[in-house]
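>>> Could you work out the structure for the sequence below:
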Amino acid sequence: MSDNNMLEGVFLNNSNIEWIEKLDCLTDLHVHLDGSLSLESVRHLCGMQNIETGDDAELSAKLSVSSDCKNLNEYLEKFEFPLQLLQTHEAVKYSVCQLIKEQEEQGVIYSEIRFAPQLHTRKGLSQQEIVEAACEGLDESRKYWKSYSCHNLILCCMRSDDNKDANMETVRLAALYAEKGRGVVAADLAGAEGLYATDTFADVFRDAVQKGVPFTIHAGEAAGAESVKCALNFQAVRIGHGVRCTENPLVMQELADRETALELCPTSNLNTKIYETIKDYPIQQLMNKGIKVTVNTDNMMVSNTTEARELALVADTFNMEKKDVKKLIMNGVEAAFTTEGIKNRLRARVDTQFAKVAGIRG
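Numbering: from 1, shown residues only. Sure, this is the predicted structure:
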């Protein structure tokens, strides 16, 4: 993977990464399929499609950003190659299964993998065929789950000026596959927030509300607090990123009052230059305001990260205690789009692991 200098030194002389990597109770609520394909997965997909890959360094340069990534637009360029590979039933099925296998190996026992079905139709497959492939991959991944694990899918609508019908179809499929019990648990809105304002997608989320589809919205990343406020007005259950809510105290208060969880992705936000250094990251400010924050990877390959690294990054930077790390993980459990029964199972696992690994009980 490409070297990420902005994180150098953070993990060299600390103990947090060591004990956090021993935990088998992590959650990741915000992880994109196309941004999280491992080198192993990409090589497999290239082999399936007779595409030359080059050596690891060459392949990593195609998939991961370096420390001099200039902005979100440059960051998003890294998705083009993996998207080229994810245009067939078998490719999508394999990739979902393999990502969950890798998450389980990294101690992530609950995740919600998101993808935009409309971005995987270049070779003629319908959105429904893509969703079916992802669900089959989810089903196949169950052989890697532990007794306390659970993994689900989120379907992303996309920001654009000419895809309302495609977005409506995504919402329809989210409702259909949720009703079928196939592991689709929510919808999302992703894409270029700075170019396509959140408020222009009111019809899409009005439809989601009518169909009973819970949703999260990418907001407060490339745009400011007004985008977060708009997502709240649409009745978003969670906010993807949301860090720029700090630009408006009233929006922060509303997030706290409504107990709307933020899906924070620290390394990704550094990569896209929302913040210059991790010390500028507002996680403590958000926590102090009573906002429910979760810590997530966003794009494991693009940002060269894991869930354990994300937790260690904020724990090291802000001198968090082990109980604070536990709270962040528990927030992920509480905010998950899943049943209370599964949440109880996850809570019990977090308690057991923190007692065993960190010496924290209760």
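
>>> now the strands: where do they sit in the stretch 101-250 of the chain?
In the stretch 101-250 of the chain, the segments counted as strands under DSSP state E, counting those that start in this stretch are 108-115, 150-158, 184-190, 216-219, 238-241.

>>> Any chance of TSV for those, columns distance to N304 and mean pLDDT?
Every residue, glycine included, has its C-beta placed from N, CA and C. Listed next are the strands of the stretch 101-250 of the chain as TSV, based on distance: least, C-beta to C-beta, whole Å; pLDDT from 0 to 100:
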stretch	distance to N304	mean pLDDT
strand 108-115	16	99
strand 150-158	22	99
strand 184-190	20	98
strand 216-219	21	98
strand 238-241	18	99
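
>>> what about those strands, which gets the closest to K22?
Judged by C-beta to C-beta, the one of the strands of the stretch 101-250 of the chain that comes nearest to K22 is strand 108-115, at 13.3 Å.

>>> Which strands border the closest one, and is each parallel or antiparallel?
Looking at strand 108-115 with DSSP bridges, its partner strands are strand 26-32 (parallel), strand 150-158 (parallel).

>>> now the angle from it to strand 184-190?
50 degrees (axes from the mean of the first three to the mean of the last three C-alpha atoms, to 10 degrees).

>>> could I get strand 108-115 in CSV with only the CA atoms?
Below are the C-alpha coordinates for strand 108-115, written out as CSV (Å, rounded to 0.1, in the frame of the first residue of the first chain):
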residue,chain,number,x,y,z
VAL,A,108,-14.5,-6.4,12.9
ILE,A,109,-17.6,-8.4,14.0
TYR,A,110,-20.3,-6.0,12.7
SER,A,111,-20.2,-3.9,9.6
GLU,A,112,-22.5,-2.3,7.1
ILE,A,113,-20.8,-2.4,3.6
ARG,A,114,-22.2,0.2,1.3
PHE,A,115,-22.1,0.5,-2.5
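
>>> what distance separates that strand from the centre of its chain?
What separates the centre of strand 108-115 from the centre of its chain is 7 Å, taken as C-alpha atoms, centre = their mean, to the nearest Å.

>>> quick one on the thing from earlier: hey, which of the strands paired with strand 108-115 is tucked in deepest?
For the strands paired with strand 108-115, ranked by mean neighbour count under the definition mean count of other C-beta atoms under 10 Å, the leader is strand 26-32 at a mean of 27.

>>> Report the distance from that one to the chain centre.
Per C-alpha atoms, centre = their mean, the centroid offset for strand 26-32 relative to its chain is 5 Å.

>>> same thing with stretch 71-91?
15 Å.

>>> what is the mean pLDDT for that stretch?
Averaged across stretch 71-91, the pLDDT comes to 94.

>>> Over to stretch 24-38?
In this model, stretch 24-38 carries a mean pLDDT of 99.

>>> send the alpha carbons of it over as PDB?
Written as PDB, here are the backbone C-alpha positions of stretch 24-38 (Å, rounded to 0.1, in the frame of the first residue of the first chain):
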ATOM      1  CA  ASP A  24     -12.400  -9.100  18.400                       C
ATOM      2  CA  CYS A  25     -15.400  -6.800  18.900                       C
ATOM      3  CA  LEU A  26     -15.000  -3.900  16.500                       C
ATOM      4  CA  THR A  27     -17.700  -2.200  14.400                       C
ATOM      5  CA  ASP A  28     -17.500  -0.400  11.100                       C
ATOM      6  CA  LEU A  29     -20.600   1.400  10.000                       C
ATOM      7  CA  HIS A  30     -19.200   3.400   7.100                       C
ATOM      8  CA  VAL A  31     -17.100   1.300   4.700                       C
ATOM      9  CA  HIS A  32     -17.400   1.500   0.900                       C
ATOM     10  CA  LEU A  33     -17.000  -1.700  -1.100                       C
ATOM     11  CA  ASP A  34     -15.200  -0.100  -4.100                       C
ATOM     12  CA  GLY A  35     -12.800   1.800  -1.800                       C
ATOM     13  CA  SER A  36     -11.900  -1.200   0.300                       C
ATOM     14  CA  LEU A  37     -10.800  -3.900  -2.000                       C
ATOM     15  CA  SER A  38      -7.500  -5.400  -0.800                       C
END
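
>>> Quick check: which of the strands paired with strand 108-115 is nearest to E105?
Using C-beta to C-beta, the strands paired with strand 108-115 put strand 26-32 closest to E105, at 11.5 Å.

>>> sorry, back to before: same list, the strands paired with strand 108-115, but as CSV with distance to P266 please.
CSV is the format used below for the strands paired with strand 108-115 (distance: least, C-beta to C-beta, whole Å):
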stretch, distance to P266
strand 26-32, 11
strand 150-158, 20
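
>>> list the buried ones in the helix-or-strand element of the chain with minimal mean pLDDT?
When each helix and strand of the chain is scored by mean pLDDT, DSSP states H and E, helix 72-76 comes last, with a mean of 84. Along helix 72-76, these residues count as buried under the neighbour rule (16 or more other C-beta atoms under 10 Å): L72, Y75, L76.
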